[in-house]
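Show me how the following folds:
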Amino acid sequence: MQIPLRLKQKTRLHHQHKNWERNHRDYFAKIIPDGENVLIDRIISMDRLEPYLNRHNNVHDKAISHYKSNILISEAFYPLLAILEIGLRNSIDYQLTKQFNDRNWYENMDFIRIASCFQIDRISKAKANILSEKKEIIPGRNISELSFGFWTSLFDTKFEMTLWKNLRLENAKQ
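As a prediction, this is how the structure comes out:
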């Protein structure tokens, strides 16, 4: 039985997040009970801690606790951001596949003519990363390798008429 690509991607992101979370918690568990402010300051840096220290009248333990709480809150948002990124890129991929009538729209000459150097560079880097892992470049793998910055760059006003006008008009008719 073959596992669907979306499930593989979701599982991979989940495992990356869990590994990061586990490492982060282990790391803090080692340095915080120790109570040695110098060690914590050297690892985190005073520039990073300064806003927390200011907020808590230079009470170091409270500042560290606040800093740690902010990290935990940020961790809670990670799955939502991952889902947003996956949903955004898959939706854009779907629309561009439809628009260029080409599953490899990122290699389509019509797309390349309107793409910026930034997009072309990111596509090349994604392909290079895939090849460095000795994997075949297939659309789904290439799409998932492209960064969130690549996807959001496609919403630049320069693409309003070339990429998104037909989609807007199509949705207006519905």
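
okay, which residue of the protein is out on the far edge from center?
Here the centre of the chain is the reference, and by CA atoms, centre = their mean the most remote residue is residue 57, at 35.2 Å.

and residue 97, how many residues sit next to it?
Number of residues near residue 97 (other CB atoms under 10 Å) recorded here: 17. From N, CA and C alone the C-beta is placed, and that goes for glycine too.

just to revisit the earlier point, which phi and psi values does the residue farthest from the centre of the chain adopt?
phi 50, psi 40 (degrees, to the nearest 10).

Return the distance of it relative to residue 49.
13 Å (CB to CB, to the nearest Å).

residues contacting residue 88?
Neighbour list for residue 88: 148, 151, 152 [criterion: CB atoms under 8 Å, 6 or more residues apart in numbering].

Name the nearest residue to the residue nearest the centre of the chain, ignoring sequence neighbours.
Nearest to the geometric centre of the chain sits residue 148, at 5.0 Å (CA atoms, centre = their mean). For residue 148, ignoring the flanking residues on the chain, the nearest one in space by CB to CB, 6 or more residues apart in numbering is residue 85 at 5.1 Å.

what about the one you found, how many neighbours?
16.
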